[in-house]
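Asks: the following block contains a protein sequence and its predicted model.
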Amino acid sequence: MTTRLLIDNSNTRTKFALAHNSELCGNVRILRTNDLSAPAIQNLLHDWEYDTAVVCSVVPEAMPIFRSTFSCPTCEISAQFPTEFGKKLLRYYSHPETLGADRLANAAAVAAYAPLPCIAADLGTACTFDAVILREGTPALIGGVIAPGLRALTTALPTTTAQLPSIPLPNSTFAAFPNIFATDTRQAMLSGCILGFRGMVDGILRSFGEQLNCSPAIILSGGDASLCASLPHPAISIDKLLTFKGMLRLIL
């Protein structure tokens, strides 16, 4: 049995999981990406044993840290150097050298495990939306959209205006959606960002359905997926392990 350490390195958080052969197992452990270092990773994973490490990264500066941390064989998910499954998935994607590893992994996951056509929507610091369809009987990534995430929206307002204050978001999921009739500036900004974020995601998903001329399955992942789970789309679901599942599919 081969035990793999899977590393999903995004702009804000880096998540670690173990997989025995093709099955994910155990809990996901998390570090803030800004806090990554060899000692921090080794401390977080001190009681885990694994044979190989697989990295899916959108932060190039983090790769030297991973390479210096692990003594075991380490491989990197890449659209520039895809596996055979990745090559088939990307055969209609004109510029794979521009495709983030996370988008490739998410597309691989829905290609392998979801009904097609399907939209993989990863709602994090940046939001990515990728469409996978059956073409000539085989799953194919046909393209997608990149949009600002909720935290990008809340950061933009105070940094591009003269008087609007900063509005840090809580780490936990919002218990309730904000009141659209806000009575103070910070609440008005928070309401606008959250409701605007949901509207943006809804609009993009609707546009995908119109272009595909159907109601595709939609799988949400990422830190803000729960904010959009109640959008009025059929076959919408959340899978926080989507990237990990795609990583496994690409390497097996």
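Replies: Nice, I can see it.
Asks: now the helices for the stretch 151-252 of the chain?
Replies: Listed in chain order, the helices of the stretch 151-252 of the chain (DSSP state H, counting those that start in this stretch) span 185-212, 242-251.
Asks: what's the first one packed up against?
Replies: Right, helix 185-212. On a contact count with 3 or more C-beta pairs under 8 Å, 6 or more residues apart in numbering; DSSP states H and E, helix 185-212 meets strand 118-123, strand 126-135, strand 138-148, helix 150-160. For every residue, glycine as well, the C-beta is placed using N, CA and C.
Asks: most tightly surrounded among the ones you listed?
Replies: When you average the neighbours per residue for each of the helices and strands packed on helix 185-212 (mean count of other C-beta atoms under 10 Å), strand 118-123 leads with a mean of 26.
Asks: using CSV, list the CA coordinates for that strand.
Replies: The C-alpha coordinates for strand 118-123 follow below in CSV (Å, rounded to 0.1, in the frame of the first residue of the first chain):
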residue,chain,number,x,y,z
CYS,A,118,-20.3,19.8,-14.8
ILE,A,119,-19.0,23.2,-13.5
ALA,A,120,-16.2,23.1,-11.0
ALA,A,121,-16.5,26.4,-9.0
ASP,A,122,-13.6,27.0,-6.6
LEU,A,123,-14.6,30.0,-4.4
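Asks: for that strand, name the packing helices and strands.
Replies: helix 101-113, strand 126-135, helix 185-212, strand 217-221, helix 242-251.
Asks: who's in contact with the fourth one?
Replies: Applying C-beta atoms under 8 Å, 6 or more residues apart in numbering, the external contacts of strand 217-221 come out as 106, 109-110, 114-123, 205, 228-229, 233, 235-243.
Asks: out of those, which are buried?
Replies: Restricting the contacts of strand 217-221 to buried positions leaves 106, 109-110, 114, 117-123, 205, 228, 233, 236, 238-239, 241-243, with burial counted as 16 or more other C-beta atoms under 10 Å.
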